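Participant: Take this sequence and fold it.
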Amino acid sequence: MYKVFKHTLLVAIAIFSFSTMHAQTQFVTNEVRQFMSKGEQNGIEFLLNGTKPEDAKDAIEKWGKKMKAKIVRDKKNPEIFIDNAQMPAVSANAVDMYAVVTPIDNGSKVTIYTDLGGAFVSSAAYGTQYTALETVMKQFAKAQAIEVVEDQQKAEEKVLKSLNGDLKSLKGKKEDYLKDIEKAKALIQQREQDIIKNDAEQAAKQQQISIQQQIIETVNAKRATLN
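Facilitator: Okay, the predicted model is just below:
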């Protein structure tokens, strides 16, 4: 009973924990100005809730390759260099981008610095390019949010499959138990008949013993007369 209660409690906790988790539905970008490898520059930052930093870096690399860029990643360098990216919405020419991924609670923060070729994109100096870049960043963030939810869905479906397997196993055990009970019932009925038969056989055997004792007493008496 305690084990069943404990299991039910764990399930309840899991459901409560899951209910408190929310998929990222708002994709907000912020313009920042801070130091990076090319000095103090303007950039765009956004959050990837539920995406681990290493996963975010991998996603940025894939994203950069889709833009036909050369990706340079170095564990000693916090920046991911996206060299000669094709972003027609931002610029007719190839652009260089520098991505920095910072871990945050339950996710990652990504900061992107975009070099048009001698000048970095800022909302003040390059309003049109900045707006286009914002749109691209939000699309990237949304794609990551979808991937996070899909991964979570796969994980939960795997748990469900495991639970269904456990339930199937429990049902199989119950069937075995019921079969054992039926066998036990049949054995009990058989043994009850065996006991009745055994009692009769004991009674008959007791009569035989009594008769045999009488025979022995008669033989002993006969033997005594021959002394």
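Participant: so where do the helices sit in the chain?
Facilitator: 2-19, 53-66, 127-224 (DSSP state H).
Participant: what about the first one, average pLDDT?
Facilitator: Helix 2-19 shows a mean pLDDT of 54 in the predicted model.
Participant: what do you get for the last one?
Facilitator: Over the span of helix 127-224, the pLDDT mean works out to 96.
Participant: What is it packed up against?
Facilitator: For helix 127-224, the elements it packs on are strand 29-36, strand 39-49, helix 53-66, strand 107-115, judged by 3 or more CB pairs under 8 Å, 6 or more residues apart in numbering; DSSP states H and E. For every residue, glycine as well, the C-beta is placed using N, CA and C.
Participant: Next one: the spatially most central residue of the chain from residue 166, what distance?
Facilitator: With distances taken as CA atoms, centre = their mean, residue 155 lies nearest the centre of the chain, 4.0 Å away. For residue 155, the distance to residue 166 equals 17 Å [CB to CB, to the nearest Å].
Participant: ditto for residue 116
Facilitator: 58 Å.
Participant: One more: residue 126?
Facilitator: 58 Å.
Participant: so how many other residues sit close to the nearest residue to residue 100 once chain neighbours are set aside?
Facilitator: Once flanking residues are discounted, residue 100 sits nearest to residue 111: 4.6 Å by CB to CB, 6 or more residues apart in numbering. Neighbours of residue 111 under the rule other CB atoms under 10 Å: 19.
Participant: So what sits opposite residue 111 in the bridge?
Facilitator: residue 45, residue 100 (DSSP bridges).
Participant: and it, what pLDDT?
Facilitator: Looking at residue 111, its pLDDT reads 97.
Participant: Quick one: closest of the helices and strands packed on helix 127-224 to residue 224.
Facilitator: Closest to residue 224 of the helices and strands packed on helix 127-224 is helix 53-66 (CB to CB; 108.3 Å).
Participant: contacting residues around that closest one?
Facilitator: Residues external to helix 53-66 that are found in contact with it (CB atoms under 8 Å, 6 or more residues apart in numbering): 48, 51, 71, 73, 80, 82, 85, 97, 99, 101-103, 108, 110, 140, 143-144, 147.
Participant: Quick check: buried residues in that helix?
Facilitator: Judged by neighbour count (16 or more other CB atoms under 10 Å), helix 53-66 contains these buried residues: 53, 55-57, 59-61, 63-64.
Participant: could you dump that helix to CSV, C-alpha only?
Facilitator: Provided in CSV are the C-alpha atoms of helix 53-66 (Å, rounded to 0.1, in the frame of the first residue of the first chain):
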residue,chain,number,x,y,z
PRO,A,53,24.1,26.6,-24.2
GLU,A,54,25.8,23.8,-26.1
ASP,A,55,22.6,23.1,-28.0
ALA,A,56,22.2,26.8,-28.7
LYS,A,57,25.8,26.8,-30.2
ASP,A,58,25.1,23.8,-32.3
ALA,A,59,21.9,25.5,-33.6
ILE,A,60,23.8,28.7,-34.4
GLU,A,61,26.3,26.6,-36.4
LYS,A,62,23.6,24.9,-38.4
TRP,A,63,21.8,28.2,-38.9
GLY,A,64,25.1,29.7,-40.2
LYS,A,65,25.7,26.9,-42.6
LYS,A,66,22.2,27.3,-44.1
